[in-house]
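*Asks:* 3D, please:
(2 chains)
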Amino acid sequence: MDRVDKIFNGDVTALKGMSLRVGEGDFISLLGPSGCGKSTALRLISDLLHPTSGRIIWSGGREVDDLGVVFQEPTLMPWATVAQNVWLPFRLRGKPYAEVKSAVLDALALVGLDGFQNSYPRELSGGMKMRVSIARAMVTRPRLILMDEPFAALDEITRFKLNDDLLKLKAAIGCTVVFVTHSVFESVFLSDRIVIMAARPGRVISELGVNAPYPRTDDFRTSAEYAGYTRQATDALRTAMGEAA
Amino acid sequence: MSITERGDPPLAVDQDELLRVRQKRFEQTGRWILPVLVLAVMLVLWDRVVVWNEIPHYILPGPGLVFTTLIEDWPILFDALLVTVQITLMALAVAVIGGVGLAVLFTQSRLVEMSFYPYAVILQVTPIVAIAPLIFIYVDSRIAGLLMCAWLVAFFPVLSNTTLGLNSADHNLRDLFRIYGATRWQTLRYLQLPSALPYFLGGLRIAGGLSLIGAVVAEYVAGTGGLKSGLAFRILEAGYRLNIPRMFAALLLIAVTGVVVFAGLSFLSHMLLRKWHESALKRDV
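*Replies:* Reported below is the predicted structural model:
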């Protein structure tokens, strides 16, 4: 449904001739070393940057509500309660809280934070803040959610838990996810397609399909299949790094 | 062995813990007692110096005489205090309106900022004592002149702090607002103004003290008495008459006013930020 095709040139070529087709319901990971233009790609898709050349096309056109974003940091407003933070996308569309209260509470329940709506961000742990951030991204039921290394700053245990929950969430609301990461394991566990990128100039090197059925559980994490995909992704990444060096 | 069999419950208190508790108790009591002690010692010393050296009261009055003067002259001094407080608070209010207004204007339009920021700096760095005589030539109303002087001194910290605050909103949050198609007004209201609040309050505390200084300095320059005279004029007048005790009494009132303004603004700041800002949080250990 979303056909993304873009080239970005500047004084520094951050992204060169990148083509990416994202289908409805896909979970795509952009995997690569730092400086490979992963984040630039996300900023292009979210319309924060404009392509120097090339185009980004949304089939059926793009509404503001179609997109949700999760950054590397939770990026919450510290002066606002959890509920007010999640309300934000609606609030900016002029919808009063009373009208969308159930949607906000539903989103919080989906990320496992019922009962926390009146807390302030500082009262929450890093993982919980990230959950609020995810709730905010999905509260409008967007078609596409962009995630920019959302779990990079979290500890391993929290990260595993959030990976599991993210897959459940995606299944529950049926959106498309484009996920930027530099963790091979995370990308294999989460995605049905991994796009491997190289740096200087940022570009796509290869794509790897992960044909394992959802829902994926801890069993998948320890399976031979998982190990095989991890191996392939690691090799591809090494090639990408080698070319860049 | 026998040492552990004395029947005492195992205490979770070690040397460090004891030290920490003692330190905390010292901090809590010391914060109040020590300054009071210093004050008492200074007052006694002052009093003794005056008495032992037989210093006449028109050169240096003792603390007791200052205190009695404060009470005897209370009607005059209190009226003057009201005038000074009035000018100070009005100047502070105008400084807040002008400072925040300009800051918002600056962040909304680079053009305005580039055009006027240098002049805001020039106004700030030119000593008020040098500008004040001119102001009193052109401004007929004494109150308006005083206000203008006090405002000139006080508005800059509000302006510069608020501008800094408005510009220091989290970059990712800014991006998020753009992605959700926020209007300028929404970004200002829901993102920039709340982000600027702690900075603004910091500027406000400085501006509070400066308004008082501005009000006092302006009155020194304005000089002329009349019915509506503030504390600064009372000090000048008492000086001409060698009424030194009254000078001290008026000075005391000005100092107390400054402390009260500062404490009030600090309290306001704490109440507004206590729910979310780092500066207002109690750290656990």
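
*Asks:* contacts and neighbour counts: CA atoms only from here.
*Replies:* Will do.

*Asks:* how about the residues of chain A that lie near chain B?
*Replies:* Applying CA under 8 Å from any CA of the partner chain, we find that chain A lies next to chain B at A:46-48, A:64-65, A:67, A:69, A:71, A:75-79, A:89, A:92-93, A:120, A:122.

*Asks:* so which of these are in helices?
*Replies:* residue A:89 (DSSP state H).

*Asks:* from the residues of chain A next to chain B, which land in strands?
*Replies:* A:67, A:69 (DSSP state E).

*Asks:* now the buried members of the residues of chain A next to chain B.
*Replies:* With burial judged by 16 or more other CA atoms under 10 Å in any protein chain shown, the buried subset of those is A:46, A:65, A:67, A:69, A:71, A:75-79, A:89, A:92, A:120, A:122.

*Asks:* dump the residues you listed to JSON lines, plus pLDDT.
*Replies:* Shown next, in JSON lines, are these (pLDDT from 0 to 100):
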{"residue": "A:46", "pLDDT": "86"}
{"residue": "A:65", "pLDDT": "79"}
{"residue": "A:67", "pLDDT": "89"}
{"residue": "A:69", "pLDDT": "92"}
{"residue": "A:71", "pLDDT": "92"}
{"residue": "A:75", "pLDDT": "92"}
{"residue": "A:76", "pLDDT": "94"}
{"residue": "A:77", "pLDDT": "94"}
{"residue": "A:78", "pLDDT": "92"}
{"residue": "A:79", "pLDDT": "93"}
{"residue": "A:89", "pLDDT": "93"}
{"residue": "A:92", "pLDDT": "92"}
{"residue": "A:120", "pLDDT": "92"}
{"residue": "A:122", "pLDDT": "90"}
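
*Asks:* make JSON lines from the residues you listed and add distance to residue B:18 to it.
*Replies:* JSON lines is the format used below for these (distance: CA to CA, whole Å):
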{"residue": "A:46", "distance to residue B:18": "56"}
{"residue": "A:65", "distance to residue B:18": "57"}
{"residue": "A:67", "distance to residue B:18": "56"}
{"residue": "A:69", "distance to residue B:18": "49"}
{"residue": "A:71", "distance to residue B:18": "44"}
{"residue": "A:75", "distance to residue B:18": "40"}
{"residue": "A:76", "distance to residue B:18": "39"}
{"residue": "A:77", "distance to residue B:18": "39"}
{"residue": "A:78", "distance to residue B:18": "36"}
{"residue": "A:79", "distance to residue B:18": "37"}
{"residue": "A:89", "distance to residue B:18": "51"}
{"residue": "A:92", "distance to residue B:18": "53"}
{"residue": "A:120", "distance to residue B:18": "34"}
{"residue": "A:122", "distance to residue B:18": "30"}
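
*Asks:* any idea which of these is closest to residue B:93?
*Replies:* Nearest to residue B:93, judged by CA to CA, of those is residue A:79 at 24.7 Å.

*Asks:* please name the nearest non-neighbouring residue to that closest one.
*Replies:* Nearest residue to residue A:79, sequence neighbours excluded (CA to CA, 6 or more residues apart in numbering or on different chains): residue B:276, at 5.4 Å.

*Asks:* contact partners for the one you found?
*Replies:* Neighbour list for residue B:276: A:78-79, A:120, A:122 [criterion: CA atoms under 8 Å, 6 or more residues apart in numbering or on different chains].

*Asks:* same check on residue A:174?
*Replies:* For residue A:174, the contacting residues are residue A:25, by CA under 8 Å, 6+ apart.

*Asks:* doesn't the residue nearest to residue A:79 belong to a helix?
*Replies:* No. Counting by DSSP: H, G, I helix; E, B strand; the rest coil, residue B:276 is not part of a helix but coil.

*Asks:* which pLDDT value belongs to it?
*Replies:* Per-residue confidence at residue B:276 stands at 82 (pLDDT).

*Asks:* coming back round to it: farthest pair within the contacts of residue B:276?
*Replies:* Within the contacts of residue B:276, A:79 and A:122 form the most distant pair, 9.4 Å apart (CA to CA).

*Asks:* let's see the helix or strand containing residue B:172 as CSV, backbone CA atoms only.
*Replies:* According to DSSP states H and E, residue B:172 maps onto helix B:171-179. Extracted in CSV, the C-alpha atoms of helix B:171-179 (Å, rounded to 0.1, in the frame of the first residue of the first chain):
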residue,chain,number,x,y,z
HIS,B,171,14.0,18.9,19.6
ASN,B,172,12.3,15.5,19.3
LEU,B,173,9.2,17.0,20.8
ARG,B,174,9.4,19.8,18.2
ASP,B,175,9.6,17.3,15.5
LEU,B,176,6.6,15.4,17.0
PHE,B,177,4.6,18.6,17.0
ARG,B,178,5.5,19.1,13.3
ILE,B,179,4.6,15.6,12.4
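
*Asks:* returning to what we had before: of the contacts of residue B:276, which is the nearest to residue A:132?
*Replies:* Nearest to residue A:132 among the contacts of residue B:276, counting by CA to CA, is residue A:120 at 10.8 Å.

*Asks:* how close does that closest one get to residue A:99?
*Replies:* Going from residue A:120 to residue A:99 by CA to CA, to the nearest Å gives 22 Å.

*Asks:* state the number of residues packed around residue 63.
*Replies:* No chain specified, so I'll use chain A. Residue A:63 has 11 neighbouring residues, counting by other CA atoms under 10 Å in any protein chain shown.

*Asks:* my bad, chain B
*Replies:* Using other CA under 10 Å, residue B:63 is surrounded by 20 other residues.

*Asks:* in the longest helix belonging to chain A, which residues are buried?
*Replies:* Scanning chain A for the helix with the most residues, using DSSP H, yields helix A:224-244. Buried residues in helix A:224-244, defined by neighbour count with 16+ other CA under 10 Å: A:226, A:229-230, A:233-234, A:236-237, A:239-241.
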